[in-house]
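S.K.: coords please:
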Amino acid sequence: MSHTVDSIPVSHAGSLPRTPELLAANAAIEAGEPTDAINELRTAAVVDIVKRQQDLGVTLPGDGEYGKSMSTAVDYGAWWSYSFSRTGGLALDEDQQWLTTDVQSTPGNIRTTGFGHRRDQAAFREAYTDPESGIFSGGAPKLFPKVVDKLTYTGHDAVATDIANLKAGLAATGLEQGFITSIAPGSAMRIGNDHYSSDEELVYAWADVLREEYVAIVEAGLIVQIDDPSLAENWDQITPEPSIEDYLAFSRLRIEALNHALRGLPEEQIRYHLCWGSWHGPHTTDLEFRHIVDTMLTVNAGSYSFEAGNVRHEHEYTVWDDITLPEGKILVPGVVSHATNVVEHPDLVAERITRFATRVGRDNVIASTDCGLGGRIHPQIATAKLETLAEGARRASAQLWK
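M.R.: Modelled structure (predicted):
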């Protein structure tokens, strides 16, 4: 990933708010009504969002995840569920047992309990079930698929369209580089499974499938951002709370499968993104960053994106007092949060940036958002957050290169 030599680059974590027209087009596509007009609208929307990112001061833009359907203002898991339409071997899971059945883990035998059984939800059940609390926990449950046969990648046309649309946006703006998000095997595997005999078989099957998407994006000369909230977020879906040692062993299998999928790909075109889940809840049962930072750094990526503006994790920048960033690697900390409607002051953004720059070097930091903004905050507020992100980076750069 290239760097400027006199300023902090500006990016974001992927999803950006969709226009009403794009939401309607996505709904039509989901209803089985794709037309040339809809596809042209999507291309125009991506070109427009890249232009708007440039106008706001974003120097490393994405396609806003506009090729990943989000047909409602808040769609549960579009960053994740997009992969269902690009993968063969799946069928709708009518009973959804993986979401509704309590599974008790035992030492050395970790099992996740599904999104409906977070320990954070159990600790704040009254708040989560109160419609007036304002807690957003992902929307109404959807009918997810399960694995019923050998997994295959079927998304060649879809990823080719994503690539073409982003390249059209880059060409229209003169920007040199951009990124497209793609799910990690460890996050993709979190659905029902009636085919593979073990977690290891399942996650490596997903790795082989998703590698095709990674390769397509990289060979197009773009950056692929590997979305993998599961590294941090799975912790909250294991009951009872496991030991750190058991959890890291559970997680290492998933990271090893990801590295299998990334084998031979240039690290400078790989960005790894983790988060603690984007739902607007208390997050009191989040795993501390210090426990997984070493595991994160084993991913064969050139840069690492993580939440650092979220109030539950902002203080954890101090892990870099004790952790040495490997040579040639770049941090992409979130310095603007998706979890609040309050727009951060650019001086605070600059302060957050300099915390990292003074610890790992000013040339090794890219300013970003904690997580995707699309569907999580109002579009007008998302615009203001990107503006303050860019202004904060400008102010931090003035201090760091004075």
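
S.K.: does residue 334 count as helix, strand or coil?
M.R.: strand (DSSP: H, G, I helix; E, B strand; the rest coil).

S.K.: Excluding chain neighbours, give the residue nearest to it in space.
M.R.: Once flanking residues are discounted, residue 334 sits nearest to residue 370: 3.2 Å by C-beta to C-beta, 6 or more residues apart in numbering. For every residue, glycine as well, the C-beta is placed using N, CA and C.

S.K.: quick one, what contacts the one you found?
M.R.: Contacts for residue 370 (C-beta atoms under 8 Å, 6 or more residues apart in numbering) come out as 13, 275, 307-310, 334, 336-339.

S.K.: cool, and residue 289?
M.R.: Counting by C-beta under 8 Å, 6+ apart, residue 289 touches 232, 306, 313, 316, 319.

S.K.: Need the phi and psi values for the third one.
M.R.: It stands for residue 313. Backbone torsions for residue 313, taken as degrees, to the nearest 10, come to phi -130, psi 0.

S.K.: confidence score at it?
M.R.: pLDDT recorded at residue 313 is 96.

S.K.: Now do it against residue 390, distance only.
M.R.: 22 Å (C-beta to C-beta, to the nearest Å).

S.K.: same thing with the second one?
M.R.: As judged by C-beta to C-beta, residue 306 and residue 390 stand 20 Å apart.

S.K.: So for these two, which sits in the more crowded spot?
M.R.: residue 306 (26 against 22; other C-beta atoms under 10 Å).

S.K.: State the distance from that one to residue 243.
M.R.: 23 Å.

S.K.: ditto for residue 128
M.R.: Residue 128 is 26 Å from residue 243, by C-beta to C-beta.

S.K.: So for these two, which sits in the more crowded spot?
M.R.: Per other C-beta under 10 Å, whichever of residue 128 and residue 243 has more neighbours is residue 128, with 17 against 11.

S.K.: low-confidence ranges in the stretch 51-200 of the chain?
M.R.: In the predicted model of the stretch 51-200 of the chain, residues 70-77, 96-102, 115-116, 136-142 satisfy pLDDT under 70.

S.K.: what are the ranges of the helices in it?
M.R.: For the stretch 51-200 of the chain, the helices defined by DSSP state H, counting those that start in this stretch occupy 78-81, 97-100, 119-123, 125-129, 156-173, 185-188, 199-219.

S.K.: now these as a markdown table including distance to residue 260?
M.R.: Shown next, in a markdown table, are the helices of the stretch 51-200 of the chain (distance: least, C-beta to C-beta, whole Å):
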| stretch | distance to residue 260 |
| --- | --- |
| helix 78-81 | 20 |
| helix 97-100 | 24 |
| helix 119-123 | 30 |
| helix 125-129 | 37 |
| helix 156-173 | 19 |
| helix 185-188 | 8 |
| helix 199-219 | 5 |
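
S.K.: Residue 265: which of those is closest?
M.R.: With C-beta to C-beta, the closest approach to residue 265 among the helices of the stretch 51-200 of the chain belongs to helix 199-219: 5.2 Å.

S.K.: Mind listing what's buried along that closest one?
M.R.: 199, 202-218 (16 or more other C-beta atoms under 10 Å).

S.K.: helices and strands around that helix, which ones?
M.R.: Where contact means 3 or more C-beta pairs under 8 Å, 6 or more residues apart in numbering; DSSP states H and E, helix 199-219 is packed against strand 145-153, helix 156-173, strand 179-183, helix 185-188, strand 223-227, helix 244-262.

S.K.: among the ones you listed, which is nearest residue 53?
M.R.: Ranking those by their distance to residue 53 (criterion: C-beta to C-beta) puts helix 156-173 first, at 8.3 Å.

S.K.: from the chain's centre, how far out does the closest one sit?
M.R.: 19 Å (C-alpha atoms, centre = their mean, to the nearest Å).

S.K.: same thing with stretch 213-227?
M.R.: Its chain's average C-alpha position is 14 Å from that of stretch 213-227, according to C-alpha atoms, centre = their mean.

S.K.: all strands of this protein, in order?
M.R.: Using DSSP state E, the strands of the chain run over 87-92, 145-153, 179-183, 192-193, 223-227, 270-273, 303-307, 330-336, 368-369.

S.K.: and those, which is most packed in?
M.R.: strand 368-369 (a mean of 30; mean count of other C-beta atoms under 10 Å).

S.K.: May I have the predicted confidence score for the residue nearest to residue 309 when sequence neighbours are not counted?
M.R.: Distances taken as C-beta to C-beta, 6+ apart place residue 337 nearest to residue 309, at 4.2 Å, with adjacent residues excluded. pLDDT for residue 337: 96.
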